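# Need a 3D model of the following:
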Amino acid sequence: MLDQFKKDGSGETGLSGKQNGAGSARTLKMGSYSVFLTLIVIAIVIVVNLLVGELPSTLTKIDASSGQIYTLSETSISFVKGLREEVTLYYVVTGGNEDIGIQEMLQRYEAYSSRIKLVTVDPTVRPAFVSKYSDSNLTDNSVIVESAKRYTVVPYSDLYVTEYSDEDYYNYYTTGVMPTGTQYFYGESRLTTAIDYVTSDDLPVLYCTTGHGERQLSDTVAKDIKSENIMTETLSLLSAAGSVIPEDAGAVLVNVPTSDFSEEELATLQSYLNRGGKVILITAFEYIDPETMPNLTALAKACGLQAQQGLLLEGNARYYYMYPYYCMPTLNTSSSLASNLASTGITPILMAPHGILTVEASGWTPEPILTTSSDAYVKVNYETVESVEKEEGDPSGEFYLGIASQNTQTGATLLWYSSPYFVEDTLYSYNGELFMSNLTVLCEKTNSISIVGKSMQVQALGVSSAGALFWGIVLILILPLGCLATGLIVWSKRRKR
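Here you go, the predicted structure:
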């Protein structure tokens with residue numbers, strides 16, 4: 001019995017051992033298989049991650065900012081894709097202080113052009129590098145743009161700008177409370193302009209004449225001109241070397257002179273026009289007179305233009321609010337000098353202008369830009385006038401407030417605006433786009449890359465009263481009742497089972 005028991009026990013034990021051995025082998029095999037699959041999955045994830053990392057940021061990073069402020073416009077994309085020179089963007093930032101928006105925008109520039117290379121420079125690690133480009137310490141998130149021709153620095157303070165409206169200033173002056181203003185992001189504008197600057201073969205110069213009481217350009221206007229990579233310099237025609245205007249002149253600006261040019265200066269301007277020069281003339285009705293400015297008016301007449309004496313007023317409700325001397329002329333959007341306008345829907349306003357007339361001049365062809373209505377009239381004796389209403393004897397009809405006269409043989413152009421406030425800050429918001437369009441065409445920058453800043457102000461989501469009522473009914477009444485009805489139906493079906 002005992003032997004039988006041992007035999008049976010031995011037999012059972014042997015069977016159990018075999019089963020355990022088989023189970024262990026199966027478990028080991030399954031475990032090895034799982035580990036193998038895990039390693040394969042990990043390897044695939046690593047490879048995919050590496051491949052995604054090599055993709056351009058335009059495909060891997062989404063601009064989640066309000067208004068897509070860090071996304072490049074078609075203007076910038078088209079421009080950088082057409083680059084023919086190598087450009088390096090040095091992103092100056094201390095590790096850990098990166099502005100994610102600026103960083104991603106720079107990566108987009110690199111992604112859109114194989115000729116743009118992005119290099120991050122830590123100024124604490126490489127202080128000598130930054131000192132080669134700037135005398136002062138650059139703040140974090142500044143950018144140095146360099147090509148084989150030249151370089152320029154885009155400081156961080158130029159990327160985010162707070163601007164104040166006329167209403168902000170008015171409230172400040174009346175209440176003394178400091179306005180918050182509106183913050184704009186100028187990153188794309190500054191960087192695209194900088195790339196254009198370092199890759200341009202020649203940078204045109206706008207020479208502003210001096211010595212006749214001319215007005216200086218305001219900081220706002222000067223900044224806009226610089227944003228188009230047009231340099232500005234003052235020019236005294238009497239002291240010009242050899243009485244010759246420099247060859248790099250894109251145009252010459254005569255901005256509201258109060259006294260006449262000498263015969264020598266007139267000869268210099270005439271010589272400049274004879275070789276295809278471009279002159280921009282802005283005048284005031286008080287000063288532009290054949291008796292007080294015989295030389296300047298003679299130059300204009302030689303180009304087929306002359307001034308109508310007196311203060312011009314608009315008589316067909318084509319004026320601003322209740323002021324007939326704030327004229328709102330018709331803009332000739334088909335003019336060649338308006339070809340760089342971003343929008344043809346702008347409304348120029350010319351304050352206290354005088355009229356401009358055309359006269360016969362051999363070889364010169366006038367091209368109107370701003371024209372009054374046929375009901376405009378002129379107060380010739382403006383100093384003694386007692387009424388702004390049209391009176392008998394007032395010259396009337398259609399006048400030009402902005403006109404270009406072009407010489408078909410030499411290519412010379414005289415562009416004339418008849419309001420002294422045309423490019424003053426008070427009305428620049430209305431006239432600036434037109435002036436910049438004229439200037440870029442005259443300086444042969446036919447592809448303007450001026451890009452406006454993007455507001456960083458978060459717009460509130462507006463819902464109409466009808467919309468609020470509709471969604472209130474849906475969310476407060478219909479949706480809860482629908483959930484309740486669905487629950488009752490499910491409960492009823494389950495109860496009947």
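
# where does the chain have low pLDDT?
By pLDDT under 70, the weakly predicted segments of the chain are 1-30, 49-68, 166, 240-243, 446-453, 456-464.

# tell me the domain boundaries of it?
Domains of the chain are assigned by automatic domain parsing as 66-201, 203-446.

# Can you say which of these is packed in most?
Highest mean neighbour count of these: domain 203-446, a mean of 18 (counted as mean count of other C-beta atoms under 10 Å). Quick note: C-beta positions are derived from backbone N, CA and C, even for glycine.

# gap between it and the chain center?
Mean C-alpha position of domain 203-446 versus that of the full chain (C-alpha atoms, centre = their mean, to the nearest Å) differs by 25 Å.

# For this structure, which segments count as helices?
In the chain, the segments counted as helices under DSSP state H are 2-54, 57-60, 74-81, 100-112, 127-131, 166-175, 187-199, 219-227, 263-274, 294-302, 425-442, 465-473, 479-495.

# can you redo the ones you listed as a markdown table with distance to residue 310?
Below are the helices of the chain laid out as a markdown table (distance: least, C-beta to C-beta, whole Å):
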| stretch | distance to residue 310 |
| --- | --- |
| helix 2-54 | 70 |
| helix 57-60 | 59 |
| helix 74-81 | 43 |
| helix 100-112 | 53 |
| helix 127-131 | 59 |
| helix 166-175 | 30 |
| helix 187-199 | 42 |
| helix 219-227 | 28 |
| helix 263-274 | 25 |
| helix 294-302 | 15 |
| helix 425-442 | 21 |
| helix 465-473 | 54 |
| helix 479-495 | 72 |
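
# Select, out of those helices, the one closest to residue 381.
helix 294-302 (19.5 Å; C-beta to C-beta).

# circling back to that earlier point, among the helices of the chain, which comes closest to residue 412?
Across the helices of the chain, closest to residue 412 is helix 263-274 (C-beta to C-beta), at 4.3 Å.

# and that closest one, what does it pack onto?
Judged by 3 or more C-beta pairs under 8 Å, 6 or more residues apart in numbering; DSSP states H and E, helix 263-274 is in contact with strand 249-255, strand 278-282, helix 294-302.

# How about residues contacting the longest one?
This means helix 294-302. Identification of contacts with helix 294-302 by C-beta atoms under 8 Å, 6 or more residues apart in numbering yields 254, 257, 260-263, 265-266, 269-270, 281, 288-290, 306-307, 359, 361, 414, 416.

# if we can go back for a sec, would you tell me which of the helices of the chain gets closest to residue 391?
For residue 391, the closest of the helices of the chain is helix 294-302, at 26.3 Å, according to C-beta to C-beta.

# Let me know the angle separating that closest one from helix 263-274.
Here helix 294-302 runs at an angle of 20 degrees relative to helix 263-274 (axes from the mean of the first three to the mean of the last three C-alpha atoms, to 10 degrees).

# Setting the sequence-adjacent residues aside, check what's closest to residue 224.
Nearest non-adjacent residue to residue 224, counting by C-beta to C-beta, 6 or more residues apart in numbering: residue 436, 5.8 Å away.

# Residue 228 versus that neighbour, what's the distance?
Distance from residue 436 to residue 228, counting by C-beta to C-beta, to the nearest Å: 7 Å.

# Relative to residue 33, how far out is residue 42?
Per C-beta to C-beta, residue 42 is found 15 Å from residue 33.

# ugh, typo on my part, it should be residue 148
59 Å.

# ok so, going back, pretty sure the residue nearest to residue 224 contacts residue 226?
No. Under the criterion of C-beta atoms under 8 Å, residue 436 is not in contact with residue 226, lying 11.2 Å apart.

# Relative to residue 41, how far out is the residue nearest to residue 224?
As judged by C-beta to C-beta, residue 436 and residue 41 stand 58 Å apart.

# do the same with residue 251
Using C-beta to C-beta, one obtains 66 Å as the distance from residue 251 to residue 41.

# same question, residue 209
75 Å.

# Could you do residue 72 as well?
Taking C-beta to C-beta as the criterion, residue 72 is separated from residue 41 by 37 Å.

# again with residue 162
Relative to residue 41, and taking C-beta to C-beta, residue 162 is found at 51 Å.

# again, but for residue 277
Using C-beta to C-beta, residue 277 is found at 72 Å from residue 41.

# likewise residue 374?
81 Å.

# Over to residue 466?
Residue 466 sits 53 Å away from residue 41 when distances are taken as C-beta to C-beta.

# Check residue 265 too.
Separation of residue 265 from residue 41 (C-beta to C-beta): 82 Å.

# do residue 224 as well
Computed with C-beta to C-beta, the distance linking residue 224 and residue 41 is 57 Å.

# what do you get for residue 484?
For residue 484, the distance to residue 41 equals 45 Å [C-beta to C-beta].

# so residue 115 touches residue 85, yeah?
Yes. Using C-beta under 8 Å, residue 115 is in contact with residue 85, at 6.6 Å.

# what sits against residue 437?
Residue 437 makes contact with 337, 338, 339, 340, 341, 448, according to C-beta under 8 Å, 6+ apart.

# will you turn those into CSV that also has distance to residue 492?
CSV is the format used below for the contacts of residue 437 (distance: C-beta to C-beta, whole Å):
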residue, distance to residue 492
337, 79
338, 74
339, 74
340, 72
341, 69
448, 71
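
# In strands, which of those fall?
Per DSSP state E, strands hold no members of these.

# what's the spacing between stretch 80-94 and its chain's center?
With C-alpha atoms, centre = their mean as the basis, stretch 80-94 stands 19 Å off its chain's centre.

# actually stretch 476-490, not the one I wrote
Going by C-alpha atoms, centre = their mean, where stretch 476-490 is centred and where its chain is centred differ by 53 Å.

# With just CA atoms, put that stretch into CSV.
Listed in CSV are the C-alpha atoms of stretch 476-490, where the atom choice follows Å, rounded to 0.1, in the frame of the first residue of the first chain:
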residue,chain,number,x,y,z
ILE,A,476,-30.7,76.2,-19.4
LEU,A,477,-33.9,74.6,-20.7
ILE,A,478,-33.5,72.3,-23.7
LEU,A,479,-30.3,70.5,-22.8
PRO,A,480,-31.3,69.6,-19.2
LEU,A,481,-34.8,68.5,-20.3
GLY,A,482,-33.2,66.4,-23.0
CYS,A,483,-30.9,64.7,-20.6
LEU,A,484,-33.8,64.1,-18.2
ALA,A,485,-36.0,62.6,-21.0
THR,A,486,-33.1,60.3,-22.1
GLY,A,487,-32.6,59.1,-18.6
LEU,A,488,-36.4,58.3,-18.1
ILE,A,489,-36.4,56.4,-21.4
VAL,A,490,-33.4,54.2,-20.4
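
# Residues contacting it, please?
Stretch 476-490 is contacted by no other residue when judged by C-beta under 8 Å, 6+ apart.

# No more questions from me, cheers.
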